[in-house]
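Asker: Structure, please.
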Amino acid sequence: MGHQAAAAAAATAAEDGVCADPFTHSSSWCNGHLTAGHGANIDVPREEDNRTPLHIAVNEGHTDVVAALLEAGAQAAAGVDEEDEQGLTPLHTAAELGSIEIAEHLLERGADLNHAGEPRCITALHVASYHNQEDMVQLLLDKGIKVNVQDANGHTPLHIAALLNNHHLIGPLLAAGVDVSLKDKSSKTAQQLALDKGSDDVLRQLDAFKL
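Answerer: Numbering: from 1, shown residues only. The predicted model follows:
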């Protein structure tokens, strides 16, 4: 997609209210920052929550706009790994929503697979595990994401899947080499969390893994 096409896609999104500011209900801000090739900084953060136009486009699920922004220059050194006020990048948002195509676009353009910003210190795999996004979990694992990263609570993605009884995720995480012995800040393993929650399907898989 060339710069003219990128600008057209972005401008259309703004006209349709895709990126209308939730506080002012105006698309003018979005139009100014999404339109490429006219000196606009497409990576400039919003004041309210530090989100960039790329964050917003991903959140809205607009694959064409995401592609246009990336083509226009939202590279890894700028917007593709820009954090919002919670330390989350556009890839985290794609992981939450299970937006496979968007995640692939971001990764192709250099998004940091293992980004874990403060204060929550969570990776996209933590997010996908929390939201039970099975296909996204598999994509991230296939791309080589680190499986043993512990968040601010000491939770790995396995802890999260066990805690929420997202039992379909246990097998893929185990196959990817997750360390079942890691403990969170309460000194609990994923198996202990599953036991506390009565997550029988999770316990069966963890027990079988240890045999």
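
Asker: Number of residues surrounding the closest residue to Q150 other than its chain neighbours?
Answerer: Closest residue in space to Q150, ignoring its immediate chain neighbours: T156 at 5.7 Å, by C-beta to C-beta, 6 or more residues apart in numbering. Heads up, the C-betas are built off the backbone N, CA and C, glycines and all. Look at T156: counted by other C-beta atoms under 10 Å, it has 27 neighbours.

Asker: State the distance from T156 to G110.
Answerer: 25 Å (C-beta to C-beta, to the nearest Å).

Asker: residue contacts, A162?
Answerer: I170, A190, Q191, L193, A194, K197, S199, V202, L206 (C-beta atoms under 8 Å, 6 or more residues apart in numbering).

Asker: Excluding chain neighbours, what is closest to the first one?
Answerer: Leaving aside its sequence neighbours, I170 sits nearest to Q205 (C-beta to C-beta, 6+ apart; 4.4 Å).

Asker: helix/strand/coil for the one you found?
Answerer: Using DSSP: H, G, I helix; E, B strand; the rest coil, the structure places Q205 in helix.

Asker: Wait, it touches P172, no?
Answerer: No - contact criterion C-beta atoms under 8 Å: Q205 and P172 do not qualify, at 10.6 Å.

Asker: List buried residues within the contacts of A162.
Answerer: Buried subset of these (neighbour count, 16 or more other C-beta atoms under 10 Å): I170, A190, Q191, L193, A194, S199, V202, L206.

Asker: before we move on, back to that, save the contacts of A162 as a markdown table, and put in pLDDT too.
Answerer: What follows is those, written out as a markdown table (pLDDT from 0 to 100):
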| residue | pLDDT |
| --- | --- |
| I170 | 98 |
| A190 | 98 |
| Q191 | 97 |
| L193 | 98 |
| A194 | 97 |
| K197 | 95 |
| S199 | 95 |
| V202 | 97 |
| L206 | 96 |
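
Asker: Among those residues, which one lies nearest to D81?
Answerer: A190 (28.5 Å; C-beta to C-beta).

Asker: is it true that the closest one touches H159?
Answerer: Yes - if you go by C-beta under 8 Å, A190 and H159 touch, sitting 4.8 Å apart.

Asker: Contact partners for K185?
Answerer: So K185 contacts N153, G154 (C-beta under 8 Å, 6+ apart).

Asker: quick one on the thing from earlier: now the common contact residues for A190 and H159.
Answerer: Joint contacts of A190 and H159 (C-beta under 8 Å, 6+ apart) are L182.

Asker: related to what we said a few turns ago, show the pLDDT at the residue nearest to Q150.
Answerer: Listed pLDDT for T156 reads 99.

Asker: now do the one 5 residues further on
Answerer: A161 is assigned 98 on the pLDDT scale.

Asker: Not counting residues beside it along the chain, what's closest to it?
Answerer: Nearest one to A161, counting by C-beta to C-beta, 6+ apart, is L169 at 4.2 Å.

Asker: Ramachandran angles for the one you found?
Answerer: phi -90, psi -20 (degrees, to the nearest 10).

Asker: what number of residues lie near it?
Answerer: The burial count for L169: 27, using other C-beta under 10 Å.

Asker: Let me see the contact set for the closest residue to H131 other than its chain neighbours.
Answerer: Ranked by C-beta to C-beta, 6+ apart and with sequence neighbours excluded, the top spatial neighbour of H131 is E96, at 5.2 Å. Residues near E96 by C-beta under 8 Å, 6+ apart: V127, A128, Y130, H131, Q133.
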